[in-house]
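Peer 1: I would like to see how this sequence folds:
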Amino acid sequence: MPQAFVQLDRLSKSYGPVPAVTDLSIEIAKGEALTLLGPSGCGKTTTLRMVAGLEKPDAGAIRFDGKPVVSIADGINLPPEKRNIGMVFQSYAIWPHMTVAQNVAFPLKVRRLDAATIRARVRAALAMIGLGGLEDRPATRLSGGQQQRVALARALIHEPALLLLDEPLSNLDVKLREQMRIELKLLQARLGLTLIYVTHDQSEALSLSDRIAVLNRGRIEQIGSPRLLYENPATPFVRDFLGKSVTLPGRVKSLAAGRAAIELAGEGNTVIDCAVPAGLDLAADRAVEVSLRPEAIHLANGQGSTLHGIVEAVLYQGERSECEVKIGDSALCIYLPSDSNPAPGDKIALAIEPNAARLWAKPGAA
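Peer 2: As a prediction, the model looks like this:
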């Protein structure tokens with residue numbers, strides 16, 4: 001990884017007796033897009049607010065380009081306006097009594113730039129985000145997507161070293177949210193922005209990030225590229241939170257040369273072949289779990305059929321159908337082509353892509 005531009009060093013923050021963030025450390029390279037991902041209450045927004053200067057850590061340090069903006073041990077805690085950051089909030093925080101241009105110009109007026117410079121930079125910022133010509137439009141006359149763009153232009157107009165985004169797309173409808181994901185990705189690449197993005201939306205995290213830090217109860221469960229986390233989750237929490245996952249209970253039938261034959265619970269003689277992950281200690285007849293991504297399960301074509309089940313429900317999604325299938329003692333969700341026409345009650349034979357099954361220890365199993 002290139003030399004860190006932002007360093008979060010052992011940050012901790014509690015609210016009364018409740019810890020929000022515990023001993024959290026992350027390094028972010030210049031020009032990198034890092035997403036803090038996790039469920040509500042995991043500490044991601046608290047972390048972002050500490051970086052912004054809106055919350056003071058109880059312990060730890062934050063450095064921008066090697067210079068401390070927070071060091072609890074040294075008594076350093078720069079206010080937000082001294083940190084050269086831009087921030088877009090979930091609510092956008094657009095001032096309704098101002099025009100579009102006045103909203104965007106506000107950070108420059110605070111910095112006392114001359115009027116001509118402000119006008120030129122506002123026009124350039126609005127053109128960059130596709131709102132050229134709307135300078136005099138009242139902010140209340142804008143759509144949600146336009147307000148989001150105004151908030152983004154305002155955050156960028158003073159050319160911050162770091163851009164912070166806190167659930168900026170959550171108030172948009174599905175189609176507009178997908179459009180804004182693309183626009184944000186293109187803008188970040190074009191400007192070489194260093195950004196920290198907070199979301200609980202896995203699709204946003206996967207599509208917008210160079211790296212993702214998955215948080216759980218104030219700690220990092222795993223950090224890495226979107227592909228790494230999706231294909232090689234380090235913990236069951238990451239596996240189940242990042243994308244859909246099918247988990248089937250079973251027992252070890254046999255072991256040989258780093259592979260395990262797993263007999264599925266309630267499935268008679270159905271056996272799945274899995275690689276044994278490093279560090280997983282297995283023995284014959286031990287209870288385990290096998291996890292699969294839905295896209296790794298397909299209709300069997302007469303060869304390699306592994307699973308047999310009964311279709312319980314079908315959700316038509318246009319380009320595909322999502323099917324709930326009962327396999328032995330388990331129910332799982334799979335994706336099938338929309339023209340496959342499964343129906344509730346149908347018996348179905350399924351095949352698993354080679355090496356797609358991942359083996360896990362069963363919690364509490366001996």
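Peer 1: give me the three-state assignment for residue 127.
Peer 2: helix (DSSP: H, G, I helix; E, B strand; the rest coil).
Peer 1: what about the helices in the stretch 51-200 of the chain?
Peer 2: In the stretch 51-200 of the chain, the helices defined using DSSP state H, counting those that start in this stretch lie at 100-110, 115-128, 144-156, 174-191.
Peer 1: for these, which has the smallest mean pLDDT value?
Peer 2: Of all the helices of the stretch 51-200 of the chain, helix 174-191 carries the lowest average pLDDT, namely a mean of 84.
Peer 1: could I get the buried residue list for that one?
Peer 2: Neighbour counts using 16 or more other Cβ atoms under 10 Å place 176, 177, 180, 181, 184, 187, 188 of helix 174-191 among the buried residues. (Each C-beta comes from the backbone N, C-alpha and C, glycine too.)
Peer 1: contact partners of the one helix or strand residue 348 maps to?
Peer 2: Of the helices and strands defined by DSSP states H and E, residue 348 is found in strand 347-352. With contacts defined as Cβ atoms under 8 Å, 6 or more residues apart in numbering, strand 347-352 is touched by 272, 292, 296-301, 303-311, 323, 325, 327, 334, 342.
Peer 1: same thing but at 7 Å, please
Peer 2: Outside of strand 347-352, the residues that reach it under the criterion Cβ atoms under 7 Å, 6 or more residues apart in numbering are 272, 292, 296-300, 304-311, 325, 334, 342.
Peer 1: skip ahead from it and say which helix or strand is next.
Peer 2: The first helix or strand that comes after strand 347-352 along the chain, using DSSP H and E, is strand 358-361.
Peer 1: and that next one, what does it pack onto?
Peer 2: Taking 3 or more Cβ pairs under 7 Å, 6 or more residues apart in numbering; DSSP states H and E as the contact definition, the neighbouring helices and strands of strand 358-361 are strand 287-292.
Peer 1: can you give me the angle the strand it packs on makes with strand 347-352?
Peer 2: Using axes from the mean of the first three to the mean of the last three Cα atoms, to 10 degrees, the direction of strand 287-292 lies 90 degrees away from that of strand 347-352.
Peer 1: buried set for strand 287-292?
Peer 2: Taking 16+ other Cβ under 10 Å as the basis for neighbour counts, the residues of strand 287-292 that come out buried are 288, 289, 290, 291, 292.
Peer 1: list the contacts for residue 291?
Peer 2: Shown here is residue 291, whose contacts under the criterion Cβ under 7 Å, 6+ apart are 239, 245, 246, 247, 358, 360.
Peer 1: which strand residues bridge the third one?
Peer 2: Right, the one you point to is residue 246. When bridges are taken as DSSP bridges, the partners of residue 246 come out as residue 292.
Peer 1: for it, give its distance to residue 321.
Peer 2: Taking Cβ to Cβ, to the nearest Å as the criterion, residue 246 is separated from residue 321 by 16 Å.
Peer 1: and the fifth one, by the same measure?
Peer 2: Computed with Cβ to Cβ, the distance linking residue 358 and residue 321 is 25 Å.
Peer 1: convert the C-alpha atoms of stretch 231-247 to PDB, please.
Peer 2: Once side chains and other backbone atoms are set aside, the C-alpha atoms of stretch 231-247 remain, and they are given as PDB (Å, rounded to 0.1, in the frame of the first residue of the first chain):
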ATOM      1  CA  GLU A 231     -14.800 -14.000  -1.900                       C
ATOM      2  CA  ASN A 232     -12.700 -14.700   1.200                       C
ATOM      3  CA  PRO A 233     -14.500 -13.400   4.300                       C
ATOM      4  CA  ALA A 234     -12.500 -13.900   7.400                       C
ATOM      5  CA  THR A 235     -15.400 -14.300   9.800                       C
ATOM      6  CA  PRO A 236     -19.000 -15.400   9.700                       C
ATOM      7  CA  PHE A 237     -20.100 -11.800  10.400                       C
ATOM      8  CA  VAL A 238     -18.300 -10.500   7.300                       C
ATOM      9  CA  ARG A 239     -19.600 -13.500   5.200                       C
ATOM     10  CA  ASP A 240     -23.300 -12.900   6.200                       C
ATOM     11  CA  PHE A 241     -23.200  -9.100   6.100                       C
ATOM     12  CA  LEU A 242     -21.500  -8.500   2.800                       C
ATOM     13  CA  GLY A 243     -23.900  -9.900   0.200                       C
ATOM     14  CA  LYS A 244     -26.200 -12.800   0.400                       C
ATOM     15  CA  SER A 245     -24.900 -16.100   1.600                       C
ATOM     16  CA  VAL A 246     -26.300 -19.700   1.800                       C
ATOM     17  CA  THR A 247     -25.300 -21.600   4.900                       C
END
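Peer 1: any idea of the mean pLDDT in that stretch?
Peer 2: Within the predicted structure, the mean pLDDT of stretch 231-247 is 91.
Peer 1: residue 264 and residue 248 touch, don't they?
Peer 2: Yes: the pair residue 264 and residue 248 qualifies as a contact (Cβ atoms under 7 Å) at a distance of 5.6 Å.
Peer 1: quick check, nearest of the buried residues of helix 174-191 to residue 158?
Peer 2: The shortest gap between residue 158 and any of these belongs to residue 187, at 15.9 Å (Cβ to Cβ).
Peer 1: do you know how far that closest one is from residue 181?
Peer 2: Taking Cβ to Cβ as the measure, residue 187 falls 11 Å from residue 181.
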